[in-house]
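1. Generate coordinates for the sequence data below:
(2 chains)
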Amino acid sequence: MKMTDPSLPSILVVDDNEDNANIIRDYLEARGYPISVAYDGDEAMAMFGSVKPSIVLLDVMMPGRDGWQVCREMKASPMGRDIRVIMVTALQDWMDKRQALETGADDYVEKPFELAKLASVVERNAAQLAQKTR
Amino acid sequence: MPNYRRLFRGDGTPKVPTVSSAIDSVRQAIQDRKELLVIYFNFDRYTKIEEIYGWEKLDEILHTTSAAIREFLATSPFASSEVMVNFTNDDDFVLFHIPPANIAVPNADVITDLTAKLHQHIAHRIEEEHGEDIASLFDTFVGSAHIHYDPKIRLERQIYRAIRDAASSSNSVEQREFARKAADLRETLRTGGLYIDYHPIVVTETQEIFGFEALARGTLKSMRRPEVMFEVAEQTDMIWELSRLCRNTAISGMKEKLTRNQLLFINVDPHDFTDPMFTDMDMDVTDPTKVVLEITERTAIRDYPKFRGRLKEFRDRGYRFAVDDAGSGYAGLGSIANLEPNFIKLDISLINCIDVNFIKQSLVEKMVGFGNDQNAMVIAEGVETAEEYETVKQLGVHLVQGFYLHPPEPERPVKATPA
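-> Numbering: from 1, shown residues only, chains lettered A, B, ... in the order given. Below is the predicted model:
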């Protein structure tokens, strides 16, 4: 049985690579976060409406609707102001980061990442959410 | 309760129904009432707000705008309007007003009067929530068309024609307004009707005043916002004249304003360097080492070698350079390095809400590293909150500018537009 901490924000993990998505899910679930997983952009948008996550960990390279488009749509939705979107991608140069800003993303984790780094990025965004609701 | 419930979505984002779906929803009502008033709103320069302040700010302003429109319409003769749709962009909207039975469609005078009041109402709300600077940046242009439903002609065609007519009448209003502004600009140039707002630039660590950015404002109300003044000047081919007046007014005030070691930052457009009267000789500057010429990264530079040659002439005389709006585009750091600036002024959109956006923090951190490598000081402009200030300080930004440390000075009285 999953032991999640209700005080922690819920996270939607979006990655078309099932192995990656499951590793992230298991790792963050073990830290108490309530996790849902979507394996492509369309599924992510559907789950975004039903699960109403607080944080979205979004892979950029996906078939169909890519991560940029999903981010743009999530941020343009009525819930967009209250969520934190973390892009999972290698944003190496200036242009990538500018593009990420324009889609409305709040943060990013560079691929390939260490799980500890991922956890720290999630934590700093969770802290922002906690501060906002205080 | 007004029933223009589909005016904007609940979050204020103006992604409203398309014209065709809106027509479907009001088809029966128009066929019953047999009359329809189409009102076309064009909010000018909303895109400029996004360009200057970033999309977060524009979203906030659209939210304020939609609330202000709802508020205004609720007590107007348009309270029964059925639906509002956005037409071609986020900054133009169409309102379908089907007058209630036995109530006449408002006539042209009533519409003109109401739209002037609507503009004032929106501007007032934006000023209350976002400040006078932003409120004076945009204009609202409104046109209308009245149709009597003709069952022989397809309703869609009648409505699209009416929208076209309404948009065209709004364009005529816009053209009249523009002609008025062009006259105001000529008046400004003739009388030297400018004053300078000197915005302090402070050392991040110590909060000591390092220098001032000179921001020219027209004394006529329509010329208050420099962006508007320069936009009109560009379209009427008076840009050199306006730039000269702004530069000379800023320089003549620097003797009183600056104490020892403080610098004066003056905005210069790359096109100014093609003005034969823009030389060190033409500027009454006794000590060029106290003057920093700010060049915006937004304007494309056509002839780079010639431009660099002009910069060198000024640099050799002791002037220093700043790249303004750095990081606003996709060009990255290479184009900034080409100008060999002494100062790098970060684009405001990177500073707005930087405390909660880690991507902006990463970009600014990178720019500070670049500035340190190039021996250039990095300036954060538009710092409005304690959180933004603390964040840029932690990131090592050398200088800051913004209302958090120096609130705007009380507005000077403005002259009404001459009749």
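2. Tell me who's in contact with A:Trp68.
-> The neighbourhood of A:Trp68, defined by Cβ atoms under 8 Å, 6 or more residues apart in numbering or on different chains, consists of A:Val60, A:Gln99, A:Ala100, A:Thr103. No exception for glycine: its C-beta is placed from N, CA and C like everyone else's.
3. quick one, phi/psi of it?
-> The phi and psi torsions at A:Trp68 (degrees, to the nearest 10) take the values phi -60, psi -50.
4. how close does it get to A:Leu58?
-> Noted for A:Trp68: a distance of 9 Å to A:Leu58, by Cβ to Cβ, to the nearest Å.
5. Next, name the residue at the spatial heart of chain A.
-> What sits nearest the mean C-alpha location of chain A, by Cα atoms, centre = their mean, is A:Leu57, with 1.5 Å.
6. Tell me how far that one lies from chain B.
-> 14 Å (Cβ to the nearest Cβ, to the nearest Å).
7. give me the beta-bridge partners of that residue?
-> Beta-bridge pairing for A:Leu57 (DSSP bridges): A:Val13, A:Ile86.
8. Surely B:Glu294 is within a helix?
-> No. Checked against DSSP: H, G, I helix; E, B strand; the rest coil, B:Glu294 lies outside a helix; its state is strand.
9. Spit out the contact partners of the closest residue to A:Arg65 other than its chain neighbours.
-> Nearest non-adjacent residue to A:Arg65, counting by Cβ to Cβ, 6 or more residues apart in numbering or on different chains: A:Gly41, 2.9 Å away. By Cβ under 8 Å, 6+ apart, the contact set of A:Gly41 is A:Val14, A:Met62, A:Gly64, A:Arg65, A:Asp66, A:Gly67, A:Gln69, A:Val70.
10. Among these, which one has the most neighbours?
-> Greatest neighbour count in the contacts of A:Gly41, by other Cβ atoms under 10 Å in any protein chain shown, goes to A:Val14: 30 neighbours.
11. Distance check, it against chain B.
-> Counting by Cβ to the nearest Cβ, the gap from A:Val14 to chain B is 18 Å.
12. Specify the local secondary structure of the closest residue to that residue other than its chain neighbours.
-> Spatial nearest neighbour of A:Val14, chain neighbours left out: A:Ala44 (4.2 Å); criterion: Cβ to Cβ, 6+ apart. Of the three states, A:Ala44 takes helix under three-state DSSP.
13. I'd assumed A:Leu12 was in contact with A:Ala44.
-> Yes. Shown here, A:Ala44 and A:Leu12 form a contact pair, counting by Cβ atoms under 8 Å, at 6.8 Å.
14. So between the two, which is more surrounded?
-> A:Ala44 (29 against 24).
15. how about stretch B:256-265 as CSV, C-alpha atoms only?
-> What follows is stretch B:256-265, C-alpha atoms only, in CSV (Å, rounded to 0.1, in the frame of the first residue of the first chain):
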residue,chain,number,x,y,z
GLU,B,256,21.7,69.8,-11.3
LYS,B,257,20.9,66.2,-10.8
LEU,B,258,24.3,64.4,-10.6
THR,B,259,26.7,64.5,-7.8
ARG,B,260,30.3,63.4,-8.1
ASN,B,261,30.8,59.9,-9.5
GLN,B,262,27.2,59.5,-10.5
LEU,B,263,26.4,58.6,-14.1
LEU,B,264,23.6,59.6,-16.5
PHE,B,265,22.1,56.9,-18.6
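16. before we move on, back to that, check contacts around the residue nearest to A:Val14.
-> Contacts of A:Ala44 by Cβ under 8 Å, 6+ apart are A:Leu12, A:Val14, A:Ala38, A:Val56, A:Leu58, A:Arg65, A:Val70.
17. give me that answer again for 10 Å
-> A:12-16, A:36-38, A:51, A:53, A:56, A:58-59, A:62, A:65, A:67, A:70-71, A:73-74 (Cβ atoms under 10 Å, 6 or more residues apart in numbering or on different chains).
18. list the residues that contact both of A:Ala44 and A:Leu12?
-> In contact with both A:Ala44 and A:Leu12: A:Ser36, A:Val37, A:Ala38, A:Val51, A:Pro53, A:Val56, A:Leu58, A:Met74, using Cβ under 10 Å, 6+ apart.
19. Quick one: those as a markdown table, columns for secondary structure too.
-> Output for the shared contacts of A:Ala44 and A:Leu12, formatted as a markdown table (three-state DSSP):
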| residue | secondary structure |
| --- | --- |
| A:Ser36 | strand |
| A:Val37 | strand |
| A:Ala38 | strand |
| A:Val51 | helix |
| A:Pro53 | coil |
| A:Val56 | strand |
| A:Leu58 | strand |
| A:Met74 | helix |
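20. coming back round to it: distance of the residue nearest to A:Arg65 from A:Met95?
-> A:Gly41 is 22 Å from A:Met95, where distance means Cβ to Cβ.
21. contacting residues around B:Leu215?
-> Per Cβ under 10 Å, 6+ apart, neighbours of B:Leu215: B:133, B:195-199, B:225-226, B:246, B:250, B:265-267.
22. cutoff 7 Å now
-> By Cβ atoms under 7 Å, 6 or more residues apart in numbering or on different chains, the contact list for B:Leu215 reads B:Ile196, B:Asp197, B:His199, B:Pro226.
23. Contact residues of chain A facing chain B?
-> Where chain A comes near chain B, counting by Cβ under 7 Å from any Cβ of the partner chain, the residues are A:76, A:78, A:81, A:93-95, A:97-98, A:100-101, A:105-108, A:124, A:128.
24. Following the chain past the helix or strand containing B:Thr112, name the next helix or strand.
-> Here B:Thr112 sits within helix B:108-130, counting by DSSP states H and E. The helix or strand immediately downstream of helix B:108-130 is helix B:132-135, counting by DSSP H and E.
25. to the chain's geometric centre, what's the distance from the worst-scoring helix or strand of chain A on mean pLDDT?
-> Among the helices and strands of chain A, helix A:94-103 carries the lowest confidence by mean pLDDT, DSSP states H and E, at a mean of 85. Distance of helix A:94-103 from its chain centroid, counting by Cα atoms, centre = their mean, to the nearest Å, is 16 Å.
26. just checking, next helix/strand downstream of it?
-> Using DSSP H and E, the helix or strand that follows helix A:94-103 in sequence is strand A:107-109.
27. Leaving out chain neighbours, which residue sits closest to B:Ala386?
-> Excluding its sequence neighbours, the residue lying closest to B:Ala386 (Cβ to Cβ, 6+ apart) is B:Tyr404, at 6.5 Å.
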